[in-house]
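Visitor: Provided below are the primary sequence and the corresponding predicted coordinates.
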Amino acid sequence: MRIVILGSAYPLRGGGIASFNERLAEHYQQMGHEVDIYSFSLQYPNFLFPGKSQFSDESAPNGLRIFSKVNSVNPFNWIKIGLELKKANYDLLIVRFWMPFFGPCLGTIQRIVRQNKHTKVVCIADNIIPHEHRIGDQILAKYFLNAVDGCVTMSRSVLDDLKEINSKIPATYTPHPLYDNYGPSISLEQARAALKIPVEDKVVLFFGFIRQYKGLDMLLEALGKVELKELNVKLLLAGEFYGDEDLYQSLIQKYGLQDRVYLHTSFIPNDEVGKYFCAADVVVLPYRTATQSGITQVAYHFDLPMIVTRVGGLPELVHDGLVGTVVEPNVAEIVKGIASFYDQNKGSVFRENMKEEKKKYSWDIFGEEIIRLAK
């Protein structure tokens, strides 16, 4: 098949979404398909992007054809790209949708492409309605969804949201595949030496863009509680602030955590991701809301146990007591989850179970489901 993926990719610093799109393209190439990626020349206007830069300093991925042409706020560009892709007559257009903001842009392009009566359009929907709601979200999402032939969601909660907006779209839930593109594991000793963390420390990891809905404030408060103080649990905080950094710095001061938080609060390039996961005992996702999270699939790749909150699709990916612990999204439960992880020495059992459990999350399964929807 001739396939084009429409979504974030290098040189955009899209975090998990860009990495996912590139990995999916690589998978289809390995299966013998011809693949292009159409990415954004302008992805977010500044008011929607609270990070420091939208662009990566890393080297371009090898072997991928990436065209940075799409301007998310220019309707004339949408028409131009739509006509270009319509003329190219691809067999399959895979569109990544994670914010209703992109509905007008992507929905317009899709409508033009489908005029060729050949190209099938399948979307991968991370979210239908985002974690941080805005007026008009449902209208924009509906405009987008009404121009697809099928949709893959990576959590059942997103599938439910989709069905509320358009119940006629052929849609399926298929779990997020592994992020296996961050290199092999290294030893805990090597990883901690690289990050200047003593081997004997008890270290929990919070990884990824730091946004309000991800509950870092609850995790910091939990670390300030007496149970975790007595265990001397430390936090490896790795990711860029997407919001008020001063708020979190003040919480570190308030709870007396200055000597118990290792701060790495800049964007983590792909070739450094592994050392953070290999340096930790467990990764904590204290989210207030969620659909799914790519962080769980990075953790599976590195056999790193997880403590997650019972929100959205997280319990679908982290089976309680098998590969991690599922807790309610409040400080007291987060404290209990972390304390019991260490008190009961759960890490080695969880790691062993992950080796088998992660076989469910293959790119073969995910890629085939998209193609099935396109038929």
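Guide: Structure's in. What do you need? Numbering: from 1, shown residues only.

Visitor: For the rest of this, base every contact and every neighbour count on C-alpha atoms.
Guide: OK.

Visitor: hmm, who's touching stretch 276-289?
Guide: The contact list for stretch 276-289 (CA atoms under 8 Å, 6 or more residues apart in numbering) reads 131, 185-189, 191-192, 195, 202-207, 213-216, 218-219, 236, 238, 299, 302, 304-309, 311-312, 329, 334, 347.

Visitor: what about it, start to end distance?
Guide: 24 Å (CA to CA, to the nearest Å).

Visitor: quick one: buried residues of the longest strand along the chain?
Guide: In the chain, with assignment by DSSP state E, the single longest strand is strand 34-42. Neighbour-count burial for strand 34-42 flags 35-40 (criterion: 16 or more other CA atoms under 10 Å).

Visitor: Kindly report the same for stretch 257-272.
Guide: Within stretch 257-272, the residues that count as buried by 16+ other CA under 10 Å are 257, 260-262, 265, 267-268.

Visitor: cool, stretch 214-233 as well?
Guide: Applying 16+ other CA under 10 Å to stretch 214-233 flags 214-224, 228, 233 as buried.

Visitor: With pLDDT and distance to I371 as added columns, please give these in a markdown table.
Guide: Shown next, in a markdown table, are those (pLDDT from 0 to 100; distance: CA to CA, whole Å):
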| residue | pLDDT | distance to I371 |
| --- | --- | --- |
| K214 | 95 | 33 |
| G215 | 96 | 36 |
| L216 | 97 | 38 |
| D217 | 97 | 41 |
| M218 | 98 | 41 |
| L219 | 98 | 40 |
| L220 | 98 | 43 |
| E221 | 98 | 45 |
| A222 | 98 | 44 |
| L223 | 98 | 46 |
| G224 | 97 | 49 |
| L228 | 98 | 48 |
| V233 | 98 | 46 |
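
Visitor: List the buried residues for stretch 112-120?
Guide: Quick answer for stretch 112-120 (16+ other CA under 10 Å): 112-114, 116, 119-120.

Visitor: for stretch 87-97, that is, sorry about that
Guide: So, applying 16+ other CA under 10 Å, buried residues of stretch 87-97: 89-90, 92-97.

Visitor: Quickly name whichever of these is closest to A147.
Guide: Set against A147, the nearest of these by CA to CA is V95 (10.9 Å).

Visitor: Give me the neighbour count for R23.
Guide: Look at R23: counted by other CA atoms under 10 Å, it has 19 neighbours.

Visitor: Could you check how far the residue nearest to L216 when sequence neighbours are not counted is from S155?
Guide: Nearest residue to L216, sequence neighbours excluded (CA to CA, 6 or more residues apart in numbering): P286, at 6.7 Å. P286 is 18 Å from S155, where distance means CA to CA.

Visitor: Repeat that for I3.
Guide: The gap separating I3 from S155 is 24 Å, by CA to CA.

Visitor: again, but for K336
Guide: When K336 is compared with S155 (using CA to CA), they lie 26 Å apart.

Visitor: Which one's more surrounded, the two?
Guide: S155 (26 against 14).

Visitor: Leaving out chain neighbours, which residue sits closest to the more buried one?
Guide: For S155, the closest residue by CA to CA, 6+ apart turns out to be G313, at 5.0 Å.

Visitor: isn't the one you found right up against R156?
Guide: Yes: under the criterion of CA atoms under 8 Å, G313 makes contact with R156 at 6.5 Å.

Visitor: burial of the closest residue to D180 other than its chain neighbours, as a residue count?
Guide: Spatial nearest neighbour of D180, excluding adjacent residues (CA to CA, 6+ apart): H301 at 5.8 Å. Close neighbours of H301, defined as other CA under 10 Å, add up to 25.
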